[in-house]
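Chemist: I would like to see how this sequence folds:
(2 chains)
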Amino acid sequence: MSLILTVMRKEWRDLMRDRRTVLIGLAMGALLAPALIIGMNAYAAEKRTKQMESVLKLPVVGTELAPNLVTWLEQRNVEVVDAPAEITSAIKEQEHEVILEITSDYPEQWYSQENARVNVYYDSSRESARVARARVDGLLNQYSSQMGRLRMLSRGVDPGSASALLIVRNDLATEASRAGQALLFLPYFLILTAFLGGAYFVIDVTAGERERESLESLLLVPAPAWQIMLGKVMACLGFGLMMISVALLAFKLSFSFAPNLIVEMKLSWMATGGIALSLIPIALIGVALLTLLAANAKTVKEAQSYMSVLTLLPIIPTFALMINPVKTQLWMYAVPFVSQNQLIMAILRGEAVGRLELVVYVSSQLAIATLILSLAAWRYSSERMALGR
Amino acid sequence: MIEINSLAKSFATKKGIIQAVTDVSMTAHDGQITGLLGPNGAGKTTTMRLLYGLLRPSHGSVRVDGMDIQDDKVEVRRRLGVLPDTRGLYPRLTARENIAYFAELNGLGPKDYEPELERLIQNLEMSDFVDRRCEGFSQGQRTKTAIARSVIHRPQNIVLDEPTNGLDVMTTRGLRRFLLNCKAEGRCIVLSTHIMQEVAALCDHVVVIAKGSVMAKGSPEHLKQLTQQESLEDAFVQLIGSEEGLML
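Modeler: Residues are numbered from 1 along each chain as shown, chains lettered A, B, ... in the order given. Prediction:
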């Protein structure tokens, strides 16, 4: 035990003397990102309100075919402008986000009380066109149902009979759960920070120590190699926890002070603490995995080349759940990244996590970390460790 | 005392099996300096690594003070001080902190190691740089610090892989004095070298290695008689069968 502490103390002191690296690591990983995200959020919120309330410039082909519709649109904050000659290329060139075409059959269909056809052109892959398209859709639907009701009245039919259902929407989202949705990015960011926050340090104390040629002497001290490894792992974990704390604190403060957020977002101290606790296992798994990789790598460079792949790992569950949202199930609490994602989302949404889920979470994550650490320890004890072959 | 018994080591590589050490047997006694002499690539470093238990032999055994190194690595290492071929230091720690770290890794508290640390600073003439960070140390300062860290736990047996490699005359002389001191204290010292003068100035017993095998062993005088040569140098050249890789 005292040997593990000796190694840990030395690695910690060694790291802290590399003040620049520590500061850059903390600033980049923990301070820059929240600032960036809060800033982007504020920008997005501003952009959305602007788009919803501003005058919508809508090119319409064939205005003369439906003067009533055009006038109706103009009364609702829409500025009808001249349409370009080539609709498709205008959309492609991003000259316009949405173009409305009134077909030449429109007057005839309208007067014979059929469905009068209009075409709406847009590019669904363009995020910026979404608001404009939604506005045009909404307006056209509104006009369509208004006119439909008038047609019915003129034939002496009760317009209400056209709708078999009366739909009343009751949104049960709480303030906290709505904030949780807006914070979909937050788990990924925190998990990544916990998972790879101390990566530079882990690689440095393993592959770096071998490259600086002091590892052979270290492995010759009268102690089992796994104890030396564990001391290094503990030091790295300590650094990782420091990064998590700084990142969470930065998030909490930016939520408290940032103006103009889409949804009221608050992190209580309880939630902050809960998130910190739920991130410790993934920090341990990250340190263990990097230790194993760095112990197997011949050089620091080789060890660092794994980083790009590892950075992507935590995204997978976030994306998978975004594309295919499934109900939380017990097995999810056993899978790294997925479980942290679920836990953090639950905390953000203000939901309680069951005792069984917590037991599954803690035991499975610790088992995974122990397995990886055993592999790394086995590697540390092998004769190839010091030689780097 | 270190006893080596018909040691062999081979490495499996992509190009096939490389036999680094074929057959090495020798005994290094307490109160003596034993030199492992051989040209570059003769298997010295591999033999040394087998000797201090970093590598596991394919065949044969190493006993330190009567204990087999593979049976009880931890206990054997307490009795061994090793200056390996790679002698990197921690650049952000001072020389003193580097040495103290290894004392603590050997289970010593500050009270136990501080007198020995002061003694080593005196004997190895380190006082003018011992509290500086190791970043930018000269080769001599680095080697002195590495030696001090390997013997801070006062081991009975000291193993050094080419200790005077790359050192200037003054540092080399200081180092030799230090090793002769250790010998006078009754410790067992093994050093590998390819430098002829080192053997003449230090060694009581010489083991000549070439191509992974022992070519001859005995005192320098004995080796001269054996080959009927006037100088040690000629004796070695005759023993290893070539002049390649040796330094005067």
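Chemist: helix/strand/coil for the residue in the stretch 201-350 of chain A positioned nearest to chain B?
Modeler: Nearest residue of the stretch 201-350 of chain A to chain B: A:E213, at 3.2 Å (C-beta to the nearest C-beta). In short, each C-beta sits where N, CA and C put it, glycine included. When classified by DSSP: H, G, I helix; E, B strand; the rest coil, A:E213 comes out as coil.
Chemist: and the nearest residue to B:Q32 once chain neighbours are set aside, how many neighbours?
Modeler: In space, and not counting its chain neighbours, B:Q32 is closest to B:D204: 4.4 Å by C-beta to C-beta, 6 or more residues apart in numbering or on different chains. When neighbours are defined as other C-beta atoms under 10 Å in any protein chain shown, B:D204 has 15 of them.
Chemist: looks like B:D204 contacts B:I33 (just checking).
Modeler: Yes - judged on C-beta atoms under 8 Å, B:D204 makes contact with B:I33 at a distance of 5.5 Å.
Chemist: report pLDDT for the residue most central in space within chain B.
Modeler: Centroid check for chain B by C-alpha atoms, centre = their mean gives B:L160 as the closest residue, at 1.6 Å. Listed pLDDT for B:L160 reads 94.
Chemist: got phi/psi on it?
Modeler: Torsion angles at B:L160 (phi, psi; degrees, to the nearest 10) stand at phi -130, psi 130.
Chemist: hmm, B:V151 and it touching each other?
Modeler: No - in this structure B:L160 lies outside contact range of B:V151 using C-beta under 8 Å: 9.6 Å.
Chemist: for the longest helix seen in chain A, which positions count as buried?
Modeler: Longest helix in chain A by number of residues, with DSSP state H as the criterion: helix A:225-257. Neighbour counts over helix A:225-257 (16 or more other C-beta atoms under 10 Å in any protein chain shown) mark A:225-244, A:246-252, A:254-255 as buried.
Chemist: that one: what's the following helix or strand?
Modeler: Downstream of helix A:225-257, the first helix or strand assigned by DSSP states H and E is helix A:269-296.
Chemist: domain map for chain B?
Modeler: Using automatic domain parsing, the domain ranges for chain B come out as B:1-79+B:156-169+B:180-248, B:86-154.
Chemist: now render these as JSON lines, adding distance to A:E357.
Modeler: Output for the domains of chain B, formatted as JSON lines (distance: least, C-beta to C-beta, whole Å):
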{"stretch": "domain B:1-79+B:156-169+B:180-248", "distance to A:E357": "43"}
{"stretch": "domain B:86-154", "distance to A:E357": "42"}
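Chemist: weakest of those by average pLDDT?
Modeler: domain B:1-79+B:156-169+B:180-248 (a mean of 87).
Chemist: residues contacting the residue of the stretch 201-350 of chain A closest to chain B?
Modeler: A:E213 makes contacts with B:86-88, as judged by C-beta atoms under 8 Å, 6 or more residues apart in numbering or on different chains.
Chemist: make CSV out of the residues you listed and add secondary structure.
Modeler: Shown next, in CSV, are these (three-state DSSP):
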residue, secondary structure
B:T86, coil
B:R87, coil
B:G88, coil
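Chemist: just the buried subset of the residues you listed, written out for ChimeraX, thanks.
Modeler: Command for ChimeraX, covering only those of those found buried under the criterion 16+ other C-beta under 10 Å:
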select /B:86,87,88
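Chemist: run through the contacts of A:E213 and flag the ones next to chain A.
Modeler: Subset of these in contact with chain A: B:86-88, counting by C-beta under 8 Å from any C-beta of the partner chain.
Chemist: can you give me the strands in the stretch 1-150 of chain A?
Modeler: For the stretch 1-150 of chain A, the strands defined by DSSP state E, counting those that start in this stretch cover A:56-61, A:78-82, A:99-102, A:118-121.
Chemist: which other helices and strands does the lengthiest helix in chain B contact?
Modeler: For chain B, the helix with the greatest residue count under DSSP H is helix B:169-184. Packing partners of helix B:169-184 (3 or more C-beta pairs under 8 Å, 6 or more residues apart in numbering or on different chains; DSSP states H and E): strand B:32-37, helix B:110-123, helix B:139-151, strand B:157-161, strand B:188-193, helix B:196-202.
Chemist: quick one: the host helix or strand of A:E302 to chain centroid distance?
Modeler: Per DSSP H and E, A:E302 falls inside helix A:300-305. A distance of 27 Å separates the centroid of the chain from that of helix A:300-305, by C-alpha atoms, centre = their mean, to the nearest Å.
Chemist: list the buried residues in the first helix or strand past that helix going along the chain.
Modeler: Downstream of helix A:300-305, the next assigned helix or strand under DSSP H and E is helix A:307-312. Neighbour counts over helix A:307-312 (16+ other C-beta under 10 Å) mark A:L310 as buried.
Chemist: contacts for the helix or strand following helix A:307-312?
Modeler: Tracing the chain past helix A:307-312, the next element assigned as helix or strand by DSSP H and E is helix A:315-323. The contact list for helix A:315-323, computed with C-beta under 8 Å, 6+ apart, reads A:184, A:187-188, A:335, A:337-338, A:341.
Chemist: need the max-distance pair from these.
Modeler: Greatest spatial distance among the contacts of helix A:315-323 (C-beta to C-beta): A:L184 and A:V335, at 18.4 Å.
Chemist: let me see the contact set for the closest residue to chain B within the stretch 251-389 of chain A.
Modeler: Using C-beta to the nearest C-beta, the closest approach of the stretch 251-389 of chain A to chain B is made by A:E383 at 5.0 Å. Residues near A:E383 by C-beta under 8 Å, 6+ apart: B:54-56.
Chemist: what does it show for phi and psi?
Modeler: Taking degrees, to the nearest 10 as the convention, A:E383 sits at phi -70, psi -20.
Chemist: just to revisit the earlier point, so which of the domains of chain B comes closest to A:W269?
Modeler: Closest of the domains of chain B to A:W269 is domain B:86-154, at 36.3 Å (criterion: C-beta to C-beta).
Chemist: gap between the two ends of that closest one?
Modeler: Using C-alpha to C-alpha, to the nearest Å, the end-to-end distance of domain B:86-154 comes to 21 Å.
Chemist: for residue 133, which non-adjacent residue is spatially closest?
Modeler: No chain specified, so I'll use chain A. The spatially closest residue to A:R133, leaving aside those adjacent along the chain, is A:Y122, at 4.7 Å (C-beta to C-beta, 6+ apart).
Chemist: chain B was what I was after
Modeler: Counting by C-beta to C-beta, 6+ apart, the residue nearest B:R133 is B:T94, at 5.4 Å.
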